[in-house]
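# Show me the folded form of this:
(one chain, ligands or ions: 1)
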Amino acid sequence: MLKTTDLGYWYDRQENSLFEHVNLEFKSGTSYAIVGQSGSGKTTFLSLLAGLDKPRAGQIELNGEPINKIGLTSYRKSHVAIVFQSYNLFNYMSPLNNLLTAMAVTDSSHRGDKAFATTMLCKLGITDEQMTKNVQKLSGGQQQRVAIACTMVCDAKLVVADEPTGNLDEENTKYVIEQFQKIAHDQHKCVIIVTHESDVAKACDHSYRLAKHEFVLEG
Ligand SMILES: Nc1ncnc2c1ncn2[C@@H]1O[C@H](COP(=O)(O)OP(=O)(O)OP(=O)(O)O)[C@@H](O)[C@H]1O
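From the prediction side, this is the model:
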């Protein structure tokens, strides 16, 4: 589904590149973890895959089409759903309205379908009462589940997450990872998660370590 060819990125000078000549493939229906030391370039790599930044070298293709040809704005809108460590929800809205907004701004095929949004929130353990109160009144784990539900109601086939369990306790981490696995396997999406947590990496179908400017498959 997603393919990088000779991908390279550096902030100041090419001699200080974070990575170069990265040739990887990410498939639908599969989850991937990206691990590596702090500062190695994991978030930067994820931001390229998400179309938030442009590579310095090489290219990224979605189903054979370079994403810069699709146009990064339209690529992000139609094909990518992002989950952040800090949830990034509209904090003046309810969980339900967050989902309805996500569906509207991404032109989801479920746009306006309140029943569908309710079902997805319910699947993620958000109660009827929690769905309609301000999202800030929910715990961190519950808010992250709402953020994940947002990716489930969008049509985007690529779901990228940057440290999605960074603020969560063990129980919520386990739950969140189970949901990402369901998104990959049941919704047949490609899920790519940057993480520092070995349990999260182990739960994914494949894990790449970014070390010494290269991505190495670990498991
Ligand atoms: N806008 C920027 N300008 C210059 N250097 C940057 C910028 N953003 C990040 N960097 C540097 O690029 C390197 C990689 O950063 P990145 O955030 O991708 O690493 P990471 O592996 O995700 O780190 P962490 O695990 O700590 O989140 C770091 O050394 C960082 O200081």
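# Okay, buried residues for the longest helix belonging to the chain please.
Using DSSP state H, we find that the single longest helix of the chain is helix 170-185. Buried residues in helix 170-185, counted by 16 or more other C-beta atoms under 10 Å: N172, T173, Y175, V176, I177, Q179, F180, K182, I183, A184. The C-beta positions use only the backbone N, C-alpha and C, and glycine is treated the same way.
# Name the residues of this protein found near the ligand, please.
Residues of the chain found near the ligand (C-beta under 6 Å from any ligand atom) are Y11, L18, G36, S38, G39, S40, G41, K42, T43, T44.
# Show me which of those are buried.
L18, G36, S40, G41, K42, T44.
# Just put those in CSV and tack on pLDDT and secondary structure.
Formatted as CSV, these follow (pLDDT from 0 to 100; DSSP: H, G, I helix; E, B strand; the rest coil):
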residue, pLDDT, secondary structure
L18, 96, coil
G36, 96, strand
S40, 95, coil
G41, 96, coil
K42, 96, helix
T44, 96, helix
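# Can you read off the pLDDT for E61?
On pLDDT, E61 comes in at 98.
# and it, what element?
Secondary structure from DSSP states H and E places E61 in strand 57-62.
# what distance separates that strand from the middle of the whole chain?
18 Å (C-alpha atoms, centre = their mean, to the nearest Å).
# The nearest residue to Q59 once chain neighbours are set aside pairs with what?
Counting by C-beta to C-beta, 6 or more residues apart in numbering, P66 is the residue found nearest to Q59 once chain neighbours are left out, at 5.0 Å. P66 forms beta bridges with E61, as assigned by DSSP bridges.
# Run a quick neighbour tally on P66.
Neighbours of P66 under the rule other C-beta atoms under 10 Å: 13.
# so it makes contact with G58?
No. Applying C-beta atoms under 8 Å as the test, P66 and G58 come out as separate, 10.2 Å apart.
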